[in-house]
Every structure is written in structure tokens, then in C-alpha cells.
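A.B. asks: Sequence and predicted structure, then a few things I'm wondering about:
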2 protein chains.
Amino acid sequence: MASEFKTRLFVETDLAAGTAVSLDGDRAHFLRNVLRLKPGDRIALFNGRDGEWSAGLAELGKRAATLEIGDRIRGGEDEVDIWLAFAPIKRARIDFIAEKATELGASVLWPIFTRYTVMDRVNLDRLRANAIEAAEQCGRLSVPEVRDSVRFEEMLDQWPAERLLICCDETGGGAPIIDAVRDLPAGPAGLMIGPEGGLAKEELDRLDKTPNVCRVSLGPRILRAETAALAALACWQAAVGDWREGLRSI
Amino acid sequence: MASEFKTRLFVETDLAAGTAVSLDGDRAHFLRNVLRLKPGDRIALFNGRDGEWSAGLAELGKRAATLEIGDRIRGGEDEVDIWLAFAPIKRARIDFIAEKATELGASVLWPIFTRYTVMDRVNLDRLRANAIEAAEQCGRLSVPEVRDSVRFEEMLDQWPAERLLICCDETGGGAPIIDAVRDLPAGPAGLMIGPEGGLAKEELDRLDKTPNVCRVSLGPRILRAETAALAALACWQAAVGDWREGLRSI
């Protein structure tokens, strides 16, 4: 299984045997009052760099907690590298994208403002908090990087030349996702999901002029943006990602 | 596209040219106060049997509305036949399963109580309402059938012999979903997702003794039940369902 510990916490600090990690009041409260842990109990810590470590609760006060780090349980294996760029949507649905994309192994979450995006801002702290909570729960050794939001054109300017951009196209112009993904050249990739209203014509034209872009279709029904994001990630993981070889350690 | 009309309503009554359909107060309120429609406006109606029909708003009062049915816009094409059996989970997450499974084309939603299922009841009316709303939004011509909940053992007893049961197995015992689904024999199938705690040993033993069962894996991370349901449906649709040939009419 992903971890032998039910309770896993993401921390920012370095992790090494014999060192101590301090938690702030919110997390101390969570350990004490929600999980009802006591000094001496053991949990797992990870920071996205050093793998997963067992840690014993040394002190558990009202405003802070201290954990003493023991053994490394799992190493920092390579995780799959699949980005997800998406147009911000309403609160519950964007929370959902952050949580589910994390469970499905996205390495980067990148909010993109397109012409038909209804929302005019995105709460990056909230996206990060949802991603951290999901990473703790699903057994990942990392948390997806949440990038600062940019406009669609800026995204294309900033998109690395060697990274394939797989754009989920609700106009039906793309190839069925499973065929497209199966035929992908090896190398880094990212998925992009437009807003509920789709991409504007000038955005689609701009996409067509961008190298290393592939447009895919997600079937005949009109999927909500968050459904499309999830479905595309699941298909990518199943066809070319880390679902292929069955259960691995991450 | 799935429909030329933005507003689609599911109704139970038969649909035929020249006939009239009455809507109750809730739906009349929705058309008048939420969508701000007026007499003369046109919407689409479907009932899961007769395809999709254009209809004109003849009367729109406070307690009722009458629609006059015009032409059939789309026929009652065959839709894919994929069941989803799942252990009931908490309210927002089960709402989510109903909505997303409908968008992803599930034909049957079947709540199953397993040994480790935490919930002890399920609101079938709420499941149906969520499925109807999602079907209206995503352009389907049908609404998934919501079956009465049963215990896991009853599900196995009632499961049709000719229908493959694809069980998403979080113990890692199954084949990667994409390989398993690709190699499926032609014929009807259903996906089953267990509760967050997984299936009990005796339930897995019972599954192993059941003919026409295939256990599949959804990768190395621990997916929440609703994520697993969505991911499995998306992979099935992409690999052998109606996403294969790109955009169709349903």
C-alpha cells in the first residue's frame, strides 16, 4: 500500500532521522482534537523531496506540537510528470479539481484565464490547501505545484517547447483521447481543459499555430469542466502513466 | 453538438408532435424565475424513450406551465450500457457520483451496502434528482436508472449472469484497468467501487467465487470512492465505450 500510516502530514521542512519538526497551532489542534492523538503516537511525514518518514509525537500542546523523526519508510521515487492547466470555475468545483487532480497524480496545477472564463480571480492558497490535504490522504510523496494564474496567451508563451500540450476540445475536433494518448511521443506532457463555454475561436486559432499541441475529444456528452479534467487525467494515467503496471510504491 | 437547445428538460410523459406537456409548479418557477423564459420561448424535452423534441412555452403561470411539442430534434439512438454499483458515501460526495456518472454515461446507478460501508441509508430521490439535472445539462437522451439499494451479497445474487462485473480493487490484486478493459469480451458490463475501507475479506472471497468477475487496479494512490468511480467510468468509455469514435449524436 501507499503508506503503513493512516495519518500522513505534509511539512515544508527538511526531513532527516533524529531531527525534530515543529507544527503550528492549527495542525496541533488537528492532531489533538480531531485525530485524538497523544504523545508517543506515530504518524508519517513527507515534504515532496525526501520521501516519507515515521515520526513520534513528542509534545502536543494547545499552540504547537513537536515530532521526532525516526526512520525513512519510503524513498523519494520519481513520480509521474503530468501538468493540468484549467480555467477557474466556482468554488466547490475548483476545490474538487484540486482534490481529484492530486489523487490522480497531477504534478502541476495551473489556473488559466481564457476569454470565456466566468471567474475573474482564483484563490491559490485555497487550491494549495486542498492539494495538500488530498496528497496526505491519497498516499502521494509530493504535493502538486500550484502555479500563479495567467492568461491563456501567456500560458502558451510560457509553455515549455518540449512539453506536449494535450488540449481537451469540446468542439469535437480532436481525436478520441485514448487513441491520441496511446500514440503520444515519449516525454513530458500537460492536459488543458477550457472553461464551460469552451475556447474562443481566436484561442483555438492560436492553439493551431502552436507547435507540440494535440487536441483530444472526451466523447459525445457535454462534460462540466471539472469532469473533463478528471476524466482526462484518469485516461492519461491509465494509458501511459503510473496506472499501467498495477500497484507501485507511490 | 449534443443539442441545439441550451435548456433541456427531462419529463416522464410520452413525447409526440402536436401534443402538450404540463409542468408542475417547481419547474414552472425554474423556467420563469431562474431561466427567465417567456411564453413563446423554445426549449428541448426528452424522456429517455422517444429522443429529444423541441417544445414551445405556451403558458407560464405561477403554479404550472404548458409546453407544446414541435419537431423531434434527435432520435432515440442506442446509448452505451454500463452499470455503476457503488457503496453509499457522504452527501456531497454521493451527489457528485450521481452527477459525474451521469455525465460519463452510466446507464444504471446502484447503491450497494458492503460490510465496511459507513452510511446506513441512501436517499434514492436525491440520487435521481441529481442524475436528472446532470442528464439535462450534459445532453443525454436518457437518465440513468437508479436502482434500490441492496446488500453486497444480494447484488451478486441479482447480477445478470451474462453481464461482466468489473470490480475496482484497492488491494492491488487486479490488472491495470486499461489492459483489463481493452481485453474485455464484447457484451454488457458493470463497474463496482467499494467503500473507502475496501471490501472485507469474505466479500473478496465471495467475488472470487462468482463467475464473470474481473478485478482491476486504478493505480498506486489511494483514491476516494467517488474518484475511483469517475476514473473507472472514464477509462471504460475511452477504451471501449462511446468516446472511441469521437463525437456522436448523443
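C.D. replies: Cool, got the structure.

A.B. asks: how many neighbours does A:Phe86 have?
C.D. replies: Neighbours of A:Phe86 under the rule other Cβ atoms under 10 Å in any protein chain shown: 28. Every C-beta, even on glycine, is put in place using the N, C-alpha and C of the backbone.

A.B. asks: Excluding covalently adjacent residues, which one is nearest to it?
C.D. replies: A:Ile193 (4.6 Å; Cβ to Cβ, 6 or more residues apart in numbering or on different chains).

A.B. asks: From A:Thr114, how far out is that neighbour?
C.D. replies: Here A:Ile193 is placed at a distance of 10 Å from A:Thr114 (Cβ to Cβ, to the nearest Å).

A.B. asks: quick one, what contacts the residue nearest in space to the middle of chain A?
C.D. replies: Centroid-nearest residue in chain A, with Cα atoms, centre = their mean: A:Thr102, separated by 3.3 Å. By Cβ atoms under 8 Å, 6 or more residues apart in numbering or on different chains, the contact list for A:Thr102 reads A:Leu109, A:Asn130, A:Ala131, A:Ala134, A:Ala135, A:Cys138, A:Arg140, A:Val143, A:Pro144.

A.B. asks: gap between the two ends of stretch A:201-217?
C.D. replies: In stretch A:201-217, first residue to last residue: 17 Å (Cα to Cα, to the nearest Å).

A.B. asks: how far out from the middle of the chain is it?
C.D. replies: Here the centre of stretch A:201-217 is set off from its chain's centre by 24 Å, with Cα atoms, centre = their mean, to the nearest Å.

A.B. asks: For it, give me every contacting residue.
C.D. replies: Stretch A:201-217 is contacted by residues A:114-115, A:152-153, A:156, A:159, A:161-169, A:171-177, A:180-181, A:184, A:194, A:199, A:232, B:243, B:246-247 when judged by Cβ under 8 Å, 6+ apart.

A.B. asks: A:Val11 contacts A:Val21, doesn't it?
C.D. replies: Yes: in this structure A:Val11 lies within contact range of A:Val21 using Cβ atoms under 8 Å: 5.7 Å.

A.B. asks: and for those two, which residues touch both?
C.D. replies: Jointly contacting A:Val11 and A:Val21 under the rule Cβ under 8 Å, 6+ apart are A:Leu45.

A.B. asks: so where do the strands sit in chain A?
C.D. replies: For chain A, the strands defined by DSSP state E occupy A:8-10, A:20-23, A:42-46, A:52-60, A:65-74, A:82-86, A:108-113, A:145-146, A:150-151, A:164-168, A:175-176, A:189-193, A:213-217.

A.B. asks: buried residues in the longest one?
C.D. replies: Taking 16 or more other Cβ atoms under 10 Å in any protein chain shown as the neighbour-count basis, strand A:65-74 is seen to contain the buried residues A:Ala65, A:Thr66, A:Leu67, A:Glu68, A:Ile69, A:Ile73, A:Arg74.

A.B. asks: any idea of the angle it forms with strand A:42-46?
C.D. replies: 70 degrees (axes from the mean of the first three to the mean of the last three Cα atoms, to 10 degrees).

A.B. asks: what's the answer for the last one, then?
C.D. replies: Using the same axes, to 10 degrees, one finds that strand A:213-217 and strand A:42-46 are set 130 degrees apart in direction.

A.B. asks: List the buried residues in strand A:213-217.
C.D. replies: Buried-residue list, strand A:213-217, by 16+ other Cβ under 10 Å: A:Val213, A:Cys214, A:Arg215, A:Val216, A:Ser217.

A.B. asks: average pLDDT for stretch A:159-167?
C.D. replies: For stretch A:159-167, the mean per-residue pLDDT is 96.

A.B. asks: Could you check that stretch against chain B for contacts?
C.D. replies: No: Stretch A:159-167 stays clear of chain B (Cβ under 8 Å from any Cβ of the partner chain), getting no nearer than 13.0 Å.

A.B. asks: List the buried residues of that stretch.
C.D. replies: Using 16+ other Cβ under 10 Å as the test for burial, stretch A:159-167 gives A:Trp159, A:Leu164, A:Leu165, A:Ile166, A:Cys167.

A.B. asks: Quick one: distance of stretch A:57-72 to the chain centre.
C.D. replies: Distance of stretch A:57-72 from the chain centroid (Cα atoms, centre = their mean) equals 27 Å.

A.B. asks: Could you check how far A:Arg140 is from chain B?
C.D. replies: 6 Å (Cβ to the nearest Cβ, to the nearest Å).

A.B. asks: A:Arg36 now?
C.D. replies: Taking Cβ to the nearest Cβ as the measure, A:Arg36 falls 18 Å from chain B.

A.B. asks: same check, this time on A:Leu165
C.D. replies: Shown here: A:Leu165 relative to chain B, a distance of 19 Å by Cβ to the nearest Cβ.

A.B. asks: That residue contacts A:Phe152, doesn't it?
C.D. replies: No: judged on Cβ under 8 Å, A:Leu165 makes no contact with A:Phe152 at a distance of 11.4 Å.

A.B. asks: All set, thanks.
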